[in-house]
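Participant: 3D, please:
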Amino acid sequence: MRNSARVVRLLLGLLVAGVLLAADDHSRPAQALGADLVLRGGTIYDGSGDKPMVGNVVIRGERIVAVGRHEPEAGDKVIDCEGLAVATGLIDLHTHSDSSLRDPQARRCQNYLLQGCTTMVTGNCGDF
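Facilitator: Numbering: from 1, shown residues only. As a prediction, this is how the structure comes out:
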């Protein structure tokens, strides 16, 4: 009985330590990135198939250097995107790839991603 109580206490201690470490990581300020432009507070669609998230897109030159909770620095140009959708890639506004959406593997549309297209608008040619 004593061993099982020790194991439970050890597991609870590890759980609490993990939660505290995770919370500490989120409270740290983000690393300075030297951005030219920050799209702040938009709903980000990154093309991964994951749920969209509210955050910032940091751009330096012609490249996206960070997506997430990175805050702008003094002197960065900031565009407020709160309430707007932000796609971190090209958007194909007219595609005929509707049928591939039925297949979970094809939904990743690797051929589009390799060309930089992370968002597609489908179903714009009539009934599916």
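Participant: all helices for the chain, in order.
Facilitator: Applying DSSP state H to the chain gives helices spanning 2-27, 110-113.
Participant: And those helices, which one averages the lowest pLDDT?
Facilitator: Mean pLDDT across these is lowest at helix 2-27; the value there is a mean of 50.
Participant: now the nearest residue to residue 89 once chain neighbours are set aside: how far from residue 80?
Facilitator: Once flanking residues are discounted, residue 89 sits nearest to residue 118: 3.0 Å by C-beta to C-beta, 6 or more residues apart in numbering. In short, each C-beta sits where N, CA and C put it, glycine included. As judged by C-beta to C-beta, to the nearest Å, residue 118 and residue 80 stand 22 Å apart.
Participant: between the two, which one's more packed in?
Facilitator: The neighbour comparison of residue 118 against residue 80 (other C-beta atoms under 10 Å) goes to residue 118, with 18 against 11.
Participant: all strands for the chain, in order.
Facilitator: Listed in chain order, the strands of the chain (DSSP state E) span 37-45, 53-60, 63-68, 77-80, 85-87, 90-92, 117-120.
Participant: Quick check, the residue nearest to residue 89 in contact with residue 44.
Facilitator: No. At 10.3 Å, residue 118 does not count as touching residue 44 under the criterion of C-beta atoms under 8 Å.
Participant: Now do the shared contacts for the two.
Facilitator: Residues touching both residue 118 and residue 44 (C-beta atoms under 8 Å, 6 or more residues apart in numbering) are 87, 88.
Participant: got the domain boundaries for the protein?
Facilitator: With domains defined by automatic domain parsing, the chain comprises 1-30, 31-88, 90-128.
Participant: Can you report how many residues lie near residue 103?
Facilitator: As a burial measure, residue 103 scores 9 neighbours (other C-beta under 10 Å).
Participant: what do you get for residue 55?
Facilitator: Other residues within reach of residue 55, judged by other C-beta under 10 Å, total 20.
Participant: Give me the pLDDT value at residue 49.
Facilitator: Looking at residue 49, its pLDDT is 74.
Participant: no no, residue 41
Facilitator: pLDDT, read off for residue 41, is 95.
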